[in-house]
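**Q** Predicted model and sequence follow; I will ask about them next.
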Amino acid sequence: MKPSRHFSQILQWSVVAVVVAVVIATGFLTNITLRSIEKNLPITLLTELEALDLLLEDLAEVVSAAEATKRVPNPENYIQLRIKVKIVFDGVVKLRETYVFDNLIQASAFHAVVAPAISDIQLWLVEGVSGYGPETATTLDIAISRITEAFSKARTLNHDSHKNAQKILNKQRIRLEHFLLSVNLLFLLTLTITVIMIFLVARRHVFLRQELEAQIELGRAEKTLRESEERFKTLSDKTPLGMCLIDIDGRYEYVNPAFVKIFGYDLSDIPTGKEWFRTAYPDPEYRREVIADWKEDLSSYPNLEIRPRIYEVRCKGGDFRTIMFRPVTLPFGKQLIIYEDITERKQAEKQLQDTLESLRKAVGATMQVMVAAVETRDPYTSGHQKRSADLARAIAAEMGLPPEKIEGIRMAGSIHDIGKLSIPAEILSKPTKLSEIEFSLIKEHAKKGYEMLKDVESPWPLAEIVRQHHERMDGSGYPRNLKGDDILIETRILSVADVVEAMASHRPYRPGLGIDAALNEIEKNRGILYDNVVADACLRLFREKGFNLEGLDYKR
């Protein structure tokens, strides 16, 4: 117990000694600093500045007195001017005898400017200048010029002196602030040292206990890490996806069996990323593109964010495979990359795309056959469907519709009169006005077209567009008297295109009315028979963008 008590006493005396030493040091530093501040207080400086200010005021009175004498050159004013000059002269003499802070407040410069001028004026007011009497206008003008110039220079010097004085005062204030900061830091240091020494022994026991706990926790962490590595290796060995781990210097640390199976390369083939890029991408141009993508991803993607890329990679056997890369930058700088061979999927997608293209061409050919059949039955409307479809597509593009919807509108426009196949050719080509019964048969072509197309598989509502192409926004159309939003947007576009083309074209029973008449019809019934947005787009095409109906000789 004695050694422990002895250590405690030593500790207590040490704390007391440190505190006493700090207090003494603080008092000593405080005393020195205060004496320094007191010694350097600019009392004399402030006195000199005040003297300069008073002298400048007197000089200003000389200028005022000279100007007053010039205005009223009577003896009384000359007497006052001489008195003012004498006051300034005496002040300049006194300034020369008493100034101390010459370099700071520029007293000598002030004296050099004012003294000669005031001496000359004093002499001129007694003896005159160059033959002119002392109380003549010429002498007074010369004196005013001289004293005004001196006053201007003196005022500038006085302003500079005040600025210098302010700098001195600022320095004094800064020194005091530094002193206060030093004192505060010193007391803070004292408090810190005291607290450290008081709790030193107690904390030693805490540190020992924490060190023991840290060692135990480190052992647990190492065990957990080993288990995690074993699980990762087991998972990576069993997964069908290729995996590799690259260190921050670009060296391949690990590749799993699936990586070797996909590419054929092992660690001996690609020790670093440089060998990988040269081996996997033999074409220099393609290799530069891949490397550029890689660098861009590294700079723009944060840690732990997957950035998938697809590349064509040459495998060890020489064949090329389409691989999806999923690189991830780990927090400690390494990169984990997961590889998926999507060669067969890409081939299947290409085959599907080729099949769809073939089907699209077959549908297009079928449509052309239907168009030809309609035009064979109704030769007077030859090209009507194609021109209507082209105009409808242009209007849809002007409205900013998606490409797929635009293609559906073009396709429907190409066959929108297919229902005329069910109407007798004699009625279709009749050169005179149709009877009511004949017109009612003509109106059936929209419904007949729907019935022909309703069972046709298509990504677009072709049958419904064909059935609605004579409907109108106010419900006055046929065959179902639909109104407003009940009419498909595709149909609203096609109906405007159909009307414009039909009116501009020739018919068996009338000549073409011309494009202006067709556009006037659309403008007049905009919002009544025809959709506002569609009508505006159509009018813009013709009147602002110079659209023409191809293959049609019409009058504008």
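**A** All right, it came through fine. Please read all numbers here as calculations on a predicted model, not as lab measurements. Residues are numbered from 1 along each chain as shown.
**Q** now the helices: where do they sit in the stretch 251-400 of the chain?
**A** Using DSSP state H, counting those that start in this stretch, the helices assigned to the stretch 251-400 of the chain run over residues 257-263, 273-280, 284-300, 343-377, 384-398.
**Q** what's next to stretch 484-492, contact-wise?
**A** 396, 401, 405, 408-409, 412, 460-461, 464-465, 468-469, 471, 473, 530-531, 534 (C-beta atoms under 8 Å, 6 or more residues apart in numbering). No exception for glycine: its C-beta is placed from N, CA and C like everyone else's.
**Q** What about these, which are in helices?
**A** Counting by DSSP state H, those place 396, 405, 408-409, 412, 464-465, 468, 534 in helices.
**Q** which of those lies closest to Asp354?
**A** Gly408 (21.9 Å; C-beta to C-beta).
**Q** So the nearest residue to the closest one once chain neighbours are set aside versus Glu285, what's the distance?
**A** Spatial nearest neighbour of Gly408, excluding adjacent residues (C-beta to C-beta, 6 or more residues apart in numbering): Trp460 at 3.1 Å. Using C-beta to C-beta, to the nearest Å, we find Trp460 at a distance of 41 Å from Glu285.
**Q** The two: who's more crowded?
**A** Here Trp460 and Glu285 are set side by side on neighbour count (other C-beta atoms under 10 Å), and the busier one is Trp460, at 16 against 8.
**Q** how close does the more buried one get to Asp390?
**A** Applying C-beta to C-beta, the value for Trp460 to Asp390 is 17 Å.
**Q** Could I get the full set of strands for the stretch 101-250 of the chain?
**A** Along the stretch 101-250 of the chain, the stretches classed as strands by DSSP state E, counting those that start in this stretch are 242-246.
**Q** Now do the helices in it.
**A** According to DSSP H, counting those that start in this stretch, the helices that the stretch 101-250 of the chain contains are 102-105, 107-127, 137-198, 200-238.
**Q** Kindly present the ones you listed as TSV, with separate columns for distance to Ile337 and mean pLDDT.
**A** Rendered in TSV, the data for those read as follows (distance: least, C-beta to C-beta, whole Å; pLDDT from 0 to 100):
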stretch	distance to Ile337	mean pLDDT
helix 102-105	73	52
helix 107-127	78	78
helix 137-198	51	76
helix 200-238	12	73
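**Q** highest average neighbour count across the ones you listed?
**A** Looking across these with neighbours counted as mean count of other C-beta atoms under 10 Å, the highest average goes to helix 107-127: a mean of 19.
**Q** Measure how buried the closest residue in space to Arg287 that isn't next to it in sequence is and give me the count.
**A** The shortest distance from Arg287 to any non-neighbouring residue, by C-beta to C-beta, 6+ apart, is to Tyr281 (3.9 Å). A count of nearby residues for Tyr281, using other C-beta under 10 Å, gives 19.
**Q** quick check, nearest of the ones in helices among the contacts of stretch 484-492 to Glu305?
**A** Here the nearest of the ones in helices among the contacts of stretch 484-492 to Glu305, counting by C-beta to C-beta, is Lys405; it sits at 35.3 Å.
**Q** What residues does that closest one make contact with?
**A** Residues in contact with Lys405, defined by C-beta under 8 Å, 6+ apart, are 396, 460, 489-490.
**Q** mind redoing it with 10 Å?
**A** For Lys405, the contacting residues are 396, 399, 460, 489-490, 493, by C-beta atoms under 10 Å, 6 or more residues apart in numbering.
**Q** and the gap between it and Leu488?
**A** 10 Å.
**Q** and what of Pro308?
**A** Relative to Leu488, Pro308 is positioned 39 Å away (criterion: C-beta to C-beta).
**Q** what about the two, which has more around it?
**A** When Pro308 and Leu488 are compared on other C-beta under 10 Å, the one with more neighbours turns out to be Leu488, at 20 against 11.
**Q** Nearest to Ile83, out of the helices of the stretch 251-400 of the chain?
**A** helix 284-300 (83.9 Å).
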